[in-house]
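K.L.:
Give me a model of this one.
(chains A, B and C)
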Amino acid sequence: MTAYESTLFWFRRDLRDEDNAGLYHALAASRRVHCAFVFDRGILDGLPERADRRVAFLHASVAELRGRLREAGGDLRVVHGHAREAIPALAARLGVDAVFANEDYEPAARARDEAVAAALGRDGRRLHLAKDQAVFAKDEILTRSGTPFTVFTPYKRAWLAKVDDFYVKAYPVGRYASRLAPPAPGSSLPSLEALGFEPPAGGPGVAAGMSGAQALFADFLARLPRYAETRDFPAVKGVSYLSVHNRFGTISIRRLAAEARAGASEGAATWLSELVWRDFYFQILWHHPHAATGSFRREYDAIAWPGGEDRLAAWREGRTGYPLVDAAMRQLTATGWMHNRLRMVAASFLVKDLLVDWRQGERWFADRLLDFDLAANNGGWQWCASTGCDAQPWFRIFNPVSQSQRFDPQGRFIRRYVPELARVPEAFVHAPWTLPPLEQQACGCVVGRDYPAPIVEHAAQRERALALFKAVRA
DNA sequence: TTTTGAGTTGTTCGA
DNA sequence: GTCGAACAACTCAAA
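P.N.:
Residues are numbered from 1 along each chain as shown, chains lettered A, B, ... in the order given. Below is the predicted model:
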């Protein structure tokens, strides 16, 4: 079935040539498929840092993808421009019959795709979008009355009841490799510098591209059976570290879900649950785009958060005086990644202890996280802030010290990112201000001089947070 | 339509 | 130190 003479496949956050739904559909429906990627100036020009790990990761992944496509006899046309104009222009120049891509659920991406579809439509071309970044998305998992779920557990039950081998089957892209359009004369890949960026010190920090994803996944599969017991400990290699690859599509979500379903362990089941969360938040954002800018439950927009700039700055810079929070925030700045347990601890601390608007924290994470995904980041923040769908109850407030004792008992993680505390005894590393002054001197960490005193008192701030919520509910 | 059961990841208090 | 209850009702999803 080849309906089209030639088409264009537009790569976005699906940087792989294996098990790619949109690419498969393009190839199956065309005699010849051109491939393109746009380094979008609309996004890149607004980035504050020139040495951006995310751009470096993206660039390396695009380079690898281009190499793979060329090895298969095809090519990847790499454009530095504005996608809204560049894609319709490229489609016109190539004279293709249609454009294919994979669907994106973020409001800005949806607006971009609508603009591109409209521009293509004016020339009589269609934009075909395929589901690729989720196992189930949008309207596939619904309640019995046909409405989208807003509570996770029943959503997950329905998800698990519906999923079968069909939904996690790989799209055999290689079957049609001969339909890839051959390299264009003079085709090249702009360097990072040509895009206006410079390589960050230490590179992107994570092995990029499909090869990087494959290596991480192979390593994780061996640890998957123990995932349930190890995933909450930031000093332990327990999680998959695949989030950035899920962000850029350098590995297929179907592949991950298939392995999670195949694993018989409790670890596999727990990890599958995390993949279901990813789908859950995609569909939440799709159906409730207002949550991208405000509380899912609009009544909580009425809370006037009293926390000020100085507290926000201390949180960002990892100098709140609460070791686990500071270590987490410094990990984010140093590596562009933060362990999920710590994302909750740090988010809860900003909102419930520093009483700062959760959107400030969401923004900071969005700017820093290599794996930043609007749906997951926003959903996670709203869960912690108790403003979201199916949120943590507002009176359930993390204690930064007991979380530290539970999930980093020896302070191994803390000491890695807060070297000031390297010699503080285990029993005091979670709350160094409780160490008697003489002993602080002895271990070279005087609180207030070598490491900050706590900028707030947890018990008092907890009461204030409870009062803020109570006032809105009354 | 009404009723019923249930809800990611916690903390604190008092026995 | 360990345990259970309270936190506070509320809304969702299903029967």
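K.L.:
And the pLDDT at the closest residue to DNA strand C within the stretch 251-400 of chain A?
P.N.:
Residue nearest to DNA strand C within the stretch 251-400 of chain A: residue A:393 (4.4 Å; CB to the nearest atom of the strand). All C-beta atoms are positioned from the backbone trio N, CA, C, and that covers glycine. In this model, residue A:393 is scored at 87, pLDDT.
K.L.:
do the same with residue A:473
P.N.:
Per-residue pLDDT puts residue A:473 at 74.
K.L.:
picking that back up, what sits against the residue of the stretch 251-400 of chain A closest to DNA strand C?
P.N.:
Contacts here follow CB atoms under 8 Å, 6 or more residues apart in numbering; on that basis residue A:393 touches residue A:386.
K.L.:
Can you name every helix or strand that the helix ranked longest in chain A contacts?
P.N.:
Secondary structure of chain A per DSSP state H: the longest helix is helix A:266-287. Applying 3 or more CB pairs under 8 Å, 6 or more residues apart in numbering; DSSP states H and E, one finds that helix A:266-287 contacts helix A:152-162, helix A:227-230, helix A:253-262, helix A:374-385.
K.L.:
does any bit of the following helix or strand past the shortest one sit next to DNA strand B?
P.N.:
With elements assigned by DSSP states H and E, the helix or strand that comes after helix A:227-230 is helix A:243-248. No: in this structure, helix A:243-248 remains apart from DNA strand B according to CB under 7 Å from any atom of the strand; the gap is never smaller than 12.6 Å.
K.L.:
How far off centre is helix A:243-248?
P.N.:
How far helix A:243-248 lies from its chain's middle: 6 Å, per CA atoms, centre = their mean, to the nearest Å.
K.L.:
next one: stretch A:337-344
P.N.:
Stretch A:337-344 sits 12 Å away from the centroid of its parent chain (CA atoms, centre = their mean).
K.L.:
What residues of it count as buried?
P.N.:
Residues of stretch A:337-344 classed as buried: A:337, A:338, A:339, A:341, A:342, A:343, A:344 (neighbour count, 16 or more other CB atoms under 10 Å).
K.L.:
repeat for stretch A:167-179
P.N.:
Using 16+ other CB under 10 Å as the test for burial, stretch A:167-179 gives A:167, A:168, A:171, A:173, A:176, A:179.
K.L.:
From the chain's centroid, how far away is that stretch?
P.N.:
On the basis of CA atoms, centre = their mean, stretch A:167-179 sits 26 Å off its chain's mean C-alpha point.
K.L.:
Report the contact partners of residue A:373.
P.N.:
Here residue A:373 is in contact with A:243, A:246, A:247 (CB under 8 Å, 6+ apart).
K.L.:
ok, so what distance separates the closest residue to DNA strand B within the stretch 201-350 of chain A from residue A:161?
P.N.:
Nearest residue of the stretch 201-350 of chain A to DNA strand B (CB to the nearest atom of the strand) works out as residue A:277 at 4.3 Å. Taking CB to CB, to the nearest Å as the measure, residue A:277 falls 17 Å from residue A:161.
K.L.:
what about those two, which has more around it?
P.N.:
A direct count of neighbours by other CB atoms under 10 Å for residue A:277 and residue A:161 places residue A:277 higher, at 17 against 9.
K.L.:
which non-adjacent residue is nearest that one?
P.N.:
Counting by CB to CB, 6 or more residues apart in numbering, residue A:152 is the residue found nearest to residue A:277 once chain neighbours are left out, at 7.0 Å.
K.L.:
For that neighbour, list the residues it contacts.
P.N.:
Contacts of residue A:152 by CB under 8 Å, 6+ apart are A:276, A:277, A:280, A:390.
K.L.:
overlap between those and the residues near DNA strand C?
P.N.:
Counting by CB under 7 Å from any atom of the strand, no member of the contacts of residue A:152 is near DNA strand C.
K.L.:
pLDDT at residue A:467, what is it?
P.N.:
Residue A:467 is assigned a pLDDT of 87 by the prediction.
K.L.:
so which helix or strand takes in it?
P.N.:
Assessed by DSSP H and E, residue A:467 sits inside helix A:458-473.
K.L.:
Nearest spatial neighbour of residue A:228, chain-adjacent residues omitted?
P.N.:
Of all residues not flanking residue A:228 in the chain, residue A:270 sits nearest, at 4.1 Å (CB to CB, 6+ apart).
K.L.:
Now for that neighbour: which residues touch it?
P.N.:
Going by CB under 8 Å, 6+ apart, residue A:270 touches A:227, A:228, A:231.
K.L.:
and what of residue A:198?
P.N.:
By CB under 8 Å, 6+ apart, residue A:198 lies in contact with A:50, A:51, A:192.
K.L.:
burial of the first one, as a residue count?
P.N.:
Other residues near residue A:50 number 12, with proximity taken as other CB under 10 Å.
K.L.:
can you check the second one too?
P.N.:
Residues near residue A:51, counting by other CB under 10 Å, number 13.
K.L.:
any idea how far it is from DNA strand C?
P.N.:
43 Å (CB to the nearest atom of the strand, to the nearest Å).
K.L.:
Of the buried residues of stretch A:337-344, which pair is most distant in space?
P.N.:
Maximum pairwise distance in these, criterion CB to CB, is 14.8 Å, between A:337 and A:344.
K.L.:
the helices in the stretch 301-450 of chain A, which residues?
P.N.:
In the stretch 301-450 of chain A, the helices defined using DSSP state H, counting those that start in this stretch lie at A:309-317, A:323-335, A:340-348, A:358-368, A:374-385, A:400-407, A:412-417, A:437-442.
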